Every structure is written in structure tokens, then in C-alpha cells.
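# how would this look folded up:
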Amino acid sequence: MGEVLSQSEIDNLLKALSTGELDIEEAKNTDDKQVKNYDFARPAKFSKEHLRTLEIIFEHFGRLLVTNLPAYLRKSVTVDVVNSEVVIYSEFSNALSNPVLLGVVGMQPLEGNVIMEIASNLGYAIVDRLLGGAGNPLEKEREFSEIELSILERIFSICVSLLQEPWGNVVKISPILERIETNSQFAQIISPSETIAIVTLNIKVGDVEGLMNMCLPFDTLEPVIDKLNTKYWFSTMKEKDGNSYEDTIESIISRAKVPMKAVLGTCKINVSDFVNLQVGDIIRVNRKVDEELEVYVGNIRKFMALPGCSSDDKYAVRVTEVIREESE
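I've put the predicted structure just below:
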């Protein structure tokens with residue numbers, strides 16, 4: 001129940017109204033309830049929490065681009081997430097320029113597709129760089145040729161393959177580039193009125209700067225929409241922190257090849273003696289036959305060993321001591 005005014009308070013209010021000290025219209029405005037318009041053509045399927053999680057995912061994706069693309073482009077690459085928003089698909093497709101570079105990406109096991117749009121000036125610069133140029137965009141835009149699209153398909157495929165790791169905390173996907181379109185009319189993956197989330201990344205290759213837009217339809221993400229929250233994302237990430245890369249690193253190291261050598265001995269001779277060496281000459285080294293040899297892994301002395309032969313009459317050494325202190 002509202003507060004009841006006394007007679008004196010009522011008299012004071014009437015006096016203030018008659019003298020103009022109180023504006024009746026201003027008093028009415030203070031009681032107006034704030035009503036928020038709801039757009040039924042664009043229902044709020046993505047919350048701010050969903051968009052924030054998508055930004056985190058694509059920040060991880062951006063770091064992978066920075067690490068991997070320079071190996072192919074031989075240029076420095078920087079990537080920043082600049083924006084995320086919710087629109088309907090028709091607004092996204094109508095805003096596309098012509099020509100445009102659209103990669104239609106499958107996100108198995110999720111149904112449907114997502115779209116990866118790269119600014120055309122970046123496309124021209126990438127083609128120029130891969131063909132041996134300085135990586136400059138065209139002064140006047142034109143349609144991409146079939147050869148240029150074949151070259152860009154390689155870069156698109158690399159970018160698409162990098163999506164797997166950032167999405168791993170939400171869902172294990174096997175992304176694949178299905179096709180590249182240069183006309184937005186041929187990339188109608190969903191109904192024009194469907195809701196999509198757009199994450200915009202700013203990419204700089206050398207001195208050329210452009211945008212990459214990731215178009216993510218709600219229908220595609222609906223099966224995992226509950227996992228698109230920072231609480232779930234971070235909790236999943238922490239569970240993997242303990243040994244997330246341990247197995248991978250161990251596997252890579254185990255396949256690494258390093259040179260090994262056993263030094264039979266050393267000696268010093270004159271240059272004239274070295275030049276006149278003949279078959280059958282004997283060089284006396286500073287080590288006896290029964291002395292242990294030094295075994296080097298790379299340039300590091302790691303073992304002591306005795307020389308001998310293997311079962312198939314090949315030279316071999318038998319390790320007798322492991323040297324713990326590394327010394328070159």
C-alpha cells in the first residue's frame with residue numbers, strides 16, 4: 001500500500017502546483033514504468049553468457065592462427081576478437097560485399113554448417129604472398145579466379161582444422177571445409193529469419209588488415225547451448241590442465257631423432273702427415289683398446305661405453321656408465 005499523505009502535505013502540494021514550483025508533467029514522468037520492447041523477429045536465443053563464451057573460444061582460435069599462419073605466409077600475423085553480436089541471417093547476408101570469401105564449414109557431429117567469412121583484401125594479400133609477392137592487396141577489387149580460389153582453399157582448410165582444439169572444451173568436433181563461395185546467394189545455409197551469433201576477429205597479415213566473421217547459427221549450436229557458459233568451459237579446462245598436453249609432448253619427443261657418436265680417441269698430427277696418408281697407415285690415438293669410450297648425444301657427453309661388435313658383425317658399444325651431469 002502506498003504512503004498516505006496528511007492534510008498539511010496535501011495543502012503544500014496544491015500550493016506548489018498553483019505557484020508553479022511543481023510541474024505536473026514532470027511528476028507524471030517519475031511514475032512511468034520502464035517498458036522494454038521485445039523484438040519477436042529476433043528472439044533472445046543467445047544470452048550474454050553465450051556470447052562471452054564464444055569470444056573465449058575464438059580468442060583461443062586467434063592464438064592458434066597467430067602460431068600457425070606465419071609458417072605458410074612467411075609474414076607476421078596478429079588476431080584480435082573485436083565483437084560478438086546476435087542478428088538474423090538476412091542481416092548478415094545483406095551486409096556482405098561482392099566479391100566475398102565465404103567458407104561453408106561442417107561441424108560434425110553437430111548438424112548444419114557455420115560460415116567463415118574473410119575480407120576480400122586479406123584474400124588478395126594471401127594469394128599474392130603465397131605466389132611469391134610482398135603480400136599486397138589489389139587496388140581495385142575483382143572476382144577471384146579458379147586458381148586463386150584453389151590457393152585460398154588451402155588456407156581456409158588450415159583455419160578450419162584449427163577450430164577443433166578451441167571447441168574441445170565444449171564438444172569434440174571434426175570441422176571440415178565443404179566449399180568456398182564468392183556469392184552470398186549460394187551460401188544460404190539457413191532460413192533468412194533464423195537467429196545467428198557473429199564473432200568478429202580482426203586479422204593483420206603484415207601491413208594488410210581485415211576482418212574475419214564467424215557466423216554461428218543457433219540451430220547448429222542448440223544441442224550444446226547449455227555448455228556455452230564460462231562456468232562449464234573453465235571447469236572442463238581445469239580438469240584437462242594436469243596432463244592435457246603431456247601425452248602429446250611425450251609422443252612427439254619419443255619420435256625425435258638425435259645424433260649419437262662414440263669417440264674412439266683423438267690425436268694430433270702434422271698437416272704434411274695428414275696430406276700424405278695412404279691406405280694401411282696407422283694413426284695412434286690417445287686411448288687403449290680396453291679403455292671406455294665417451295658417447296655423445298648431440299654435443300652432450302651422456303655415456304661411457306666399451307667398443308665391440310653386434311651379432312650381425314656391425315660396430316657397437318656396450319654402455320657401462322650413465323653420466324648424469326650434462327657437459328659439452
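
# nearest spatial neighbour of the spatially most central residue of the chain, skipping sequence neighbours?
Closest to where the C-alpha atoms of the chain average out (C-alpha atoms, centre = their mean) is residue 61, at 2.2 Å. Leaving out its chain neighbours, the residue that sits closest to residue 61 by C-beta to C-beta, 6 or more residues apart in numbering is residue 166, at 4.6 Å. Placement of C-beta: from N, CA and C, glycine included.

# Going C-terminal from the helix or strand of the chain at the bottom of the mean pLDDT ranking, what's the next secondary structure element?
Every helix and strand of the chain was ranked by mean pLDDT, DSSP states H and E. The lowest is helix 24-30, at a mean of 57. Taking DSSP states H and E as the definition, the helix or strand that follows helix 24-30 towards the C-terminus is helix 48-73.

# for that next one, which positions count as buried?
Within helix 48-73, the residues that qualify as buried are 50-51, 53-58, 60-62, 64-66, 69, 73, counting by 16 or more other C-beta atoms under 10 Å.

# Farthest pair within those?
Greatest spatial distance in those: 50 and 73, 32.4 Å, computed using C-beta to C-beta.

# distance of the residue nearest to residue 61 from residue 110?
Applying C-beta to C-beta, to the nearest Å, one obtains 14 Å for the distance of residue 166 from residue 110.

# just checking, residue 105 is part of a strand?
Yes: the secondary structure assignment for residue 105 places it in a strand, going by DSSP: H, G, I helix; E, B strand; the rest coil.

# Might one say that it is in contact with residue 176?
Yes: under the contact definition of C-beta atoms under 8 Å, residue 105 touches residue 176, with a separation of 7.0 Å.

# Mind listing the shared neighbours of the two?
With contacts taken as C-beta atoms under 8 Å, 6 or more residues apart in numbering, the residues that reach both residue 105 and residue 176 are residue 160.

# Just want to know which of the two has more residues nearby.
When neighbours are counted by other C-beta atoms under 10 Å, residue 105 and residue 176 differ, and residue 105 comes out ahead with 24 against 15.

# Tell me who's in contact with the more buried one.
The contact partners of residue 105, taken as C-beta under 8 Å, 6+ apart, are 113, 114, 115, 116, 160, 163, 175, 176, 177, 178.

# ok, now with 6 Å
Contacts of residue 105 were listed using C-beta atoms under 6 Å, 6 or more residues apart in numbering, and they are 114, 116, 160, 175, 177.

# again, but for residue 100
residue 184.

# how far away is it from residue 217?
Noted for residue 100: a distance of 18 Å to residue 217, by C-beta to C-beta.

# go on, residue 209?
According to C-beta to C-beta, residue 209 and residue 217 sit 27 Å apart.

# Kindly report the same for residue 102.
Residue 102 sits 14 Å away from residue 217, going by C-beta to C-beta.

# Hmm, residue 157 is touching residue 177, no?
Yes: here residue 157 reaches residue 177: they are 5.0 Å apart, a contact under C-beta atoms under 6 Å.

# Tell me where the chain has helices.
Along the chain, counting by DSSP state H, helices occupy 7-19, 24-30, 48-73, 89-94, 120-130, 146-161, 218-221, 230-241, 246-254, 271-275.

# quick one: contacts of the shortest one?
The contact list for helix 218-221 (C-beta under 6 Å, 6+ apart) reads 45, 110, 112, 195.

# let's see it at 7 Å
For helix 218-221, the external contacting residues (C-beta atoms under 7 Å, 6 or more residues apart in numbering) are 45-46, 107, 110-114, 190, 194-196, 228.

# tell me which of those is nearest to residue 266?
Proximity of the contacts of helix 218-221 to residue 266 (C-beta to C-beta) peaks at residue 107, which lies at 62.1 Å.

# What separation is there between the residue nearest to the closest one when sequence neighbours are not counted and residue 157?
By the measure of C-beta to C-beta, 6+ apart, the closest residue to residue 107 outside its immediate chain neighbours is residue 173, 5.1 Å from it. Taken as C-beta to C-beta, the spacing of residue 173 relative to residue 157 amounts to 15 Å.

# again, but for residue 52
Going from residue 52 to residue 157 by C-beta to C-beta gives 29 Å.

# now swap in residue 256 and tell me
27 Å.

# Between these two, point out the one with more neighbours.
A count of neighbours by other C-beta under 10 Å puts residue 157 above the other of residue 256 and residue 157, at 16 against 6.
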